[in-house]
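Chemist: whatever this is, show me its structure:
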Amino acid sequence: MNYTLHQLQIFLKVVKTQSVTKASEVLHLTQPAVSIQLKNFQDQFDIPLTEVVGRRLYVTDFGNEIAEVAEKIINQVEAINFKTMAYKGQLTGRLKISIVSTGKYIMPFFLADFIKEHSGIELQMDVTNKSGVISSLEKNEVDFALVSVLPTTLNIEKLDLLQNKLYLVSDSKTDFKDATDLNEIFKEIPLIYREKGSGTRQTMERFIERNAVIIQKKMELTSNEAVKQAVIAGLGCSIMPLIGIKNELSNQELQIIPFKGLPIKTTWSLIWLKGKKHGPVAAALLDYMHKEKDNIVKEKFNWYENY
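Modeler: Presented below is the predicted three-dimensional model:
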């Protein structure tokens, strides 16, 4: 056999996501690249690792056993790398963070200088919806999570990072000058929702209920980017976090529709399980965040105060 660590990593991610497409997204590779490496890995075994039934990928019992061994091999290789760096006096280890999908516009800016300073740290950042984030935190699978709506079912500690502002937005061509009521707008224009389990959707639904807004037509899309593109195309309006539409507002692809009660304001918070004993890497990040978060907000998000 002549498999590579790269093939083991790809196979393990396919097993965990149960999808070549999702694995390629997480690994930041093209789908054909993942498919080729998966095939090359499979060619070294006489027994199937996966099978496709009705266009859905399933991992065989043999495949699951190989995945367990693959994970041990990868962990051992990483342990060797970490020990080597530790002997050189570097801070080393794995940092696991789960963030809600809109958090991808925020978290990298809070991590960039820290990761550059400590090159021995391996960052694993999972981008999913609020339900997925809370699940990983509840199972103690991550060091930290980034959310804009705090969970009510977990005992947590938090560090507030940045205010989250959500505005009603539409494409730039539609004229709302004569609209005086939200019900008037949504009588004809669909409201585009995120999927169930999304923190943005939860915030939207609370606003709609609190203001007795009647939604005549609605759509549901499964990512912030999909919602944004649908709004730009003129398919409807949506209530969206400002942090994810900066460029589209500057390019006049989107417009903010001003109404009383908007923007909705929440807070982006880094959270962790109360009483969690942080390892050296997580503890170092928390210390860094306490010291530098205000400077990061001032330097990277100064445009935010203009809205």
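Chemist: for the protein, give me the ranges with low pLDDT.
Modeler: 82, 85-89 (pLDDT under 70).
Chemist: and the strands in it?
Modeler: 50-53, 56-59, 93-100, 121-128, 144-147, 156-171, 191-194, 218-221, 238-241, 254-256, 264-273 (DSSP state E).
Chemist: what are the buried residues along the first one?
Modeler: Residues of strand 50-53 classed as buried under the neighbour-count rule (16 or more other C-beta atoms under 10 Å) are Thr50. In this view, the C-beta of every residue, glycine as well, is placed from N, C-alpha and C.
Chemist: then that strand to CSV, C-alphas only?
Modeler: C-alpha atoms of strand 50-53 as CSV (Å, rounded to 0.1, in the frame of the first residue of the first chain):
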residue,chain,number,x,y,z
THR,A,50,-17.9,3.8,0.7
GLU,A,51,-20.9,3.1,-1.5
VAL,A,52,-23.5,5.3,-3.2
VAL,A,53,-27.1,4.4,-2.9
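Chemist: which residues pair with Asn164 across the strands?
Modeler: Thr266 (DSSP bridges).
Chemist: who's in contact with Ser170?
Modeler: The contact partners of Ser170, taken as C-beta atoms under 8 Å, 6 or more residues apart in numbering, are 176, 189, 231, 236-237, 254-255, 257.
Chemist: I'd like the distance between the closest residue to it other than its chain neighbours and Glu122.
Modeler: Distance criterion C-beta to C-beta, 6 or more residues apart in numbering; nearest residue to Ser170, sequence neighbours excluded, is Cys237 at 4.5 Å. Going from Cys237 to Glu122 by C-beta to C-beta, to the nearest Å gives 41 Å.
Chemist: between these two, which one's more packed in?
Modeler: Cys237 (22 against 15; other C-beta atoms under 10 Å).
Chemist: returning to what we had before: a markdown table for the contacts of Ser170, including distance to Arg201?
Modeler: Rendered in a markdown table, the data for the contacts of Ser170 read as follows (distance: C-beta to C-beta, whole Å):
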| residue | distance to Arg201 |
| --- | --- |
| Phe176 | 23 |
| Ile189 | 18 |
| Val231 | 15 |
| Gly236 | 14 |
| Cys237 | 14 |
| Leu254 | 19 |
| Gln255 | 22 |
| Ile257 | 19 |
